[in-house]
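Colleague: Sequence plus the predicted model coming up.
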Amino acid sequence: MKTHQKLFFLGLTLGSSLLFSCSEEDSDITSIGTGEVKIGIGVKIPTSTIPGARISTVGLNVNSGFLQIKDIELETEGVDKNGEFEREIKLKFPEIKKINFNELDASVDFFINIPAGNYEEIEFEIDVIDDKSEPSIQLDGTFQYLDGRAVPFKFQVFGNDDDDFDFNVELEAEDDDALFNIEAVKNPLALLEINAKGWFSSITTSELEKAVLTDGILLITKDKNAAIYQKVEAKIKASTDIELELR
């Protein structure tokens with residue numbers, strides 16, 4: 001139940017773009033895999049183009065959260081000195097990687113190392129997982145009722161290593177049969193944007209107004225405010241594949 005999306009900053013769930021080169025000063029950041037090219041992976045919530053703007057559900061403001069990553073499954077196709085190749089590699093972190101993100105942070109969270117060369121396609125699957133009683137995915141923010149009251153907001157996905165919540169990012173050239181070259185000097189950054197507007201686009205303000213609070217928090221999980229959770233979960237599962245065109 002997944003879809004491919006062309007390059008744009010998600011009007012849906014998760015976006016991705018090669019934005020700028022990574023700094024060599026980031027040597028203390030976790031790096032997995034082998035090869036001359038370091039592809040930096042960063043996760044953030046996109047900053048609205050309208051200062052102070054909220055997402056489509058009136059009163060709901062999401063400004064931080066986290067993902068917990070188990071491993072990265074990397075698939076590459078291309079051409080090297082030995083001819084055409086296809087490779088599948090599983091890259092594991094030393095321990096579960098927790099990535100905190102917010103709307104102001106566009107830095108590198110970890111690196112994937114791959115060989116320099118001419119590629120037809122690079123695809124990596126980010127496997128999310130629960131860890132230490134914390135969910136695979138969490139969003140935090142506030143909800144303001146129409147009467148002016150405001151309460152903390154929290155959305156949690158306890159995926160239990162469910163493949164339906166894994167994010168697939170695919171890099172390819174604009175022309176289907178073309179190759180693109182990645183060199184060690186470029187060290188590109190693939191920025192993944194968690195866009196709550198897409199996740200909550202089917203949720204109305206009225207539904208959130210009627211939601212039951214848990215210890216003063218508008219908590220949405222599989223077991224808390226389940227009807228809202230199921231709608232958001234469907235949005236996540238329908239849009240976890242991202243296709244990135246290199247122009």
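Modeller: Good, I have the coordinates.
Colleague: Which helix or strand contains F124?
Modeller: F124 belongs to strand 117-128 when assigned by DSSP states H and E.
Colleague: Would you enumerate the residues in contact with the nearest residue to K97 once chain neighbours are set aside?
Modeller: Nearest non-adjacent residue to K97, counting by Cβ to Cβ, 6 or more residues apart in numbering: I69, 4.3 Å away. Every residue, glycine included, has its C-beta placed from N, CA and C. Residues counted as contacts of I69 (Cβ atoms under 8 Å, 6 or more residues apart in numbering) are F93, I96, K97, K98, I99, I126, D127, V128, I129.
Colleague: so what strands line up beside the helix or strand that the strand holding F124 is followed by?
Modeller: Going down the chain from strand 117-128, the next helix or strand is strand 137-144, by DSSP H and E. Note on strand 137-144: by DSSP bridges, its sheet partners are strand 60-80 (antiparallel), strand 150-157 (antiparallel).
Colleague: For E193, find the nearest of those strands.
Modeller: Among those, the nearest to E193 by Cβ to Cβ is strand 60-80 (12.0 Å).
Colleague: Any buried residues in the closest one, and which?
Modeller: Under the neighbour-count criterion of 16 or more other Cβ atoms under 10 Å, strand 60-80 has 60-74, 76, 78 buried.
Colleague: Where does pLDDT dip in the protein?
Modeller: Scanning the chain for pLDDT under 70 picks out the ranges 1-27, 47-57, 103-106, 160-164, 176, 184-187, 240-247.
Colleague: Which residue ranges of it form strands?
Modeller: In the chain, the strands defined using DSSP state E lie at 14-21, 31-33, 37-44, 60-80, 83-102, 110-114, 117-128, 137-144, 150-157, 167-173, 180-182, 188-194, 218-220, 241-246.
Colleague: and of the ones you listed, who's closest to K210?
Modeller: strand 218-220 (10.7 Å).
Colleague: chain center to the closest one, what's the gap?
Modeller: Taking Cα atoms, centre = their mean, to the nearest Å, one finds strand 218-220 lying 21 Å from the centre of the chain it belongs to.
Colleague: Name the residues that touch it?
Modeller: When contacts are defined by Cβ under 8 Å, 6+ apart, strand 218-220 is touched by residues 143, 151-156, 208, 211, 213, 225, 228-229, 232.
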